[in-house]
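[1] sequence plus predicted model, see below.
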Amino acid sequence: MDLTQLLIQAASGAIGGNAAAAATKNDALGTLGNTIAGALGGGLGGQLLGPLLGLGGAAASGLDINAIITGFATGGVSGALTALVLGFIKAKLAG
């Protein structure tokens, strides 16, 4: 596991989580909740999605442009999905 890639994915996951929550205000977890859920989802999900989609490996390590784009894509998407799913579950349990 590449720490640089993990940090990029966690940061983009936090951004993705907040962006997804802004689109669906009813299912939001709050700013801090969306950030935490997105960062966790982006970091963990990005580590799983990269190899599954064939985006990981030696070509996507370090700080080359491909690694950065891949990290933002996988981290942002998985962070957004994590925040949306958790927000949906919270909304269903609350109401």
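    Happy to help now that I have it.
[2] does anything pack onto the helix or strand hosting L7? Which helices or strands?
    In the assignment (DSSP states H and E), L7 maps to helix 3-23. Helices and strands touching helix 3-23, by 3 or more C-beta pairs under 8 Å, 6 or more residues apart in numbering; DSSP states H and E, are helix 31-52, helix 65-94. (Each C-beta comes from the backbone N, C-alpha and C, glycine too.)
[3] and the longest one, what other elements does it pack with?
    If contacts are counted by 3+ C-beta pairs under 8 Å, 6+ apart, helix 65-94 sits against helix 3-23, helix 31-52.
[4] give me the buried positions along it.
    Residues 67-68, 70-84, 86-87, 90 are the ones in helix 65-94 that count as buried (16 or more other C-beta atoms under 10 Å).
[5] stretch 45-53 now?
    G45, G46, Q47, L49, G50.
[6] now the residues you listed as CSV including pLDDT?
    Formatted as CSV, these follow (pLDDT from 0 to 100):
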residue, pLDDT
G45, 88
G46, 81
Q47, 83
L49, 77
G50, 72
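[7] which one among the residues you listed gets closest to T24?
    Nearest to T24 among those: G45, at 18.4 Å, using C-beta to C-beta.
[8] give me the nearest residue to that closest one, chain neighbours excluded.
    Once flanking residues are discounted, G45 sits nearest to S78: 2.5 Å by C-beta to C-beta, 6 or more residues apart in numbering.
[9] from what I can see that neighbour touches G41, true?
    Yes - judged on C-beta atoms under 8 Å, S78 makes contact with G41 at a distance of 5.1 Å.
[10] so what's in contact with the two at the same time?
    G13 (C-beta atoms under 8 Å, 6 or more residues apart in numbering).
[11] fine by me, thanks again.
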